[in-house]
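Novice: return a 3D structure for these sequence lines:
(one chain, ligands or ions: 1)
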Amino acid sequence: MIIEEMTMGDFEEGLKLTRTVYIPFGSVEEHGYHLPLSTDTIQAYEVGKRASKIIPLFVAPPVHYGCCRSTSRHPGTISITTATVKSLLKDIVRSFHSHGMQNFIVLTGHAGGSHRMALQDAGEELIAELSDIRMAVVTEYELAKDAGRYLVETAGDAHAGEIETSRIMHSHPHLVVGTGEREFPTFPMGILVRNKRKYWPNGVWGDPTKASVEKGAKLEALVVAKVVELALALEGFEE
Ligand SMILES: [Zn+2]
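Specialist: Predicted coordinates:
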């Protein structure tokens, strides 16, 4: 049940099937010269859409913006603060809750540390505030890292590399521009730098030359299966 395509009546009917909503978070962030700026949002949304074909699941319109630190100086990265990320999630969950939703899966395609922690903080405050909700906050990477290990050749592949390039080649091939180059940035140990691009010129962390459509299909299917598993576990979860 893709909320952006539903009517008021569809939403009302949907509530008879499930009280679970999947909220995809992404980012507007450079992903090298070869992938679109909305790579994280596309991946998180795609996975929710596919999971909702397997089980009854509301899929919220994605939150396109995220907090991006290390890529903030790269062209095209449009970042919001962690306070905004946190407020967005809290406001969205409170409103869904007022419409009868009880189980919330927040999956972020953008896995930046501060962004992820802002979502977790919001989730912790929400479960303290609303006593009848259940919440999960995860990144795609956390869901798939163990099961997907055998599929990925590049150790430490993290951003616009083998994994993300494969995913977009599979689901949105028309948005891939050529092939990116292998890159592993080195930032000065412990020192905060303003000009982050100096240490990370091409905005890739990993090896996009190892990407393939087949890997993308397998990785996506894996994350979809994990989302379905998580939704069922959340719905049956009792503390
Ligand atoms: Zn990404």
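Novice: near the ion, which residues of the protein?
Specialist: 39-40 (C-beta under 5 Å from the ion). From N, CA and C alone the C-beta is placed, and that goes for glycine too.
Novice: let's see 8 Å
Specialist: Within the chain, the residues that sit near the ion (C-beta under 8 Å from the ion) are 27, 29, 31, 35, 39-40, 43, 109-111, 159-160, 164.
Novice: going by proximity to the ion, name the top residue of the protein.
Specialist: Relative to the ion, the nearest point of the chain is D40 (4.2 Å; C-beta to the ion).
Novice: wait, that residue sits on L107?
Specialist: No: at 10.5 Å, D40 does not count as touching L107 under the criterion of C-beta atoms under 8 Å.
Novice: compare these two (neighbour count), which wins?
Specialist: D40 (31 against 28; other C-beta atoms under 10 Å).
Novice: so where does the more buried one fall, helix or strand?
Specialist: helix 39-51 (DSSP states H and E).
Novice: show me what the helix or strand just after that helix is packed against.
Specialist: Heading C-terminal from helix 39-51, the first helix or strand you meet, by DSSP H and E, is strand 58-59. Strand 58-59 sits against strand 20-25, helix 39-51, with contacts defined as 3 or more C-beta pairs under 8 Å, 6 or more residues apart in numbering; DSSP states H and E.
Novice: quick one: residues in contact with the last one.
Specialist: It stands for helix 39-51. For helix 39-51, contacts defined as C-beta atoms under 8 Å, 6 or more residues apart in numbering pick out 2, 22, 24-29, 31, 36, 57, 59, 62-64, 66, 107-110, 140, 160, 164, 167-168, 171-172, 175, 220, 223-224, 227-228, 231.
Novice: max-length helix in this protein?
Specialist: In terms of residue count, the longest helix belonging to the chain (DSSP state H) is helix 213-235.
Novice: one step back: taking the residues of the chain next to the ion, tell me the two that lie furthest apart.
Specialist: Taking C-beta to C-beta as the measure, those span a maximum distance of 15.1 Å, between L35 and A111.
Novice: the two: which has the busier surroundings?
Specialist: More crowded of L35 and A111, by other C-beta under 10 Å: L35, with 29 against 17.
Novice: for the more buried one, name its beta-bridge partners.
Specialist: For L35, the beta-bridge partners under DSSP bridges are H31.
Novice: now do the contacts for it.
Specialist: L35 touches 160, 164-165, 168, 175-177, 180, counting by C-beta under 8 Å, 6+ apart.
Novice: only whichever of those are buried, select them in PyMOL.
Specialist: Applying 16 or more other C-beta atoms under 10 Å to those leaves a buried subset, and the PyMOL line that selects it is:
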select buried, resi 160+164+165+168+176+180
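Novice: keep only those of the contacts of L35 that are in strands.
Specialist: Secondary structure defined by DSSP state E assigns none of the contacts of L35 to strands.
Novice: nearest to A147, of the contacts of L35?
Specialist: E164 (17.3 Å).
Novice: excluding chain neighbours, what is closest to the closest one?
Specialist: T39 (5.7 Å; C-beta to C-beta, 6 or more residues apart in numbering).
Novice: find me the pLDDT at the one you found, would you?
Specialist: You'll see T39 listed with a pLDDT of 98.
Novice: for G113, see how far away it is.
Specialist: 18 Å (C-beta to C-beta, to the nearest Å).
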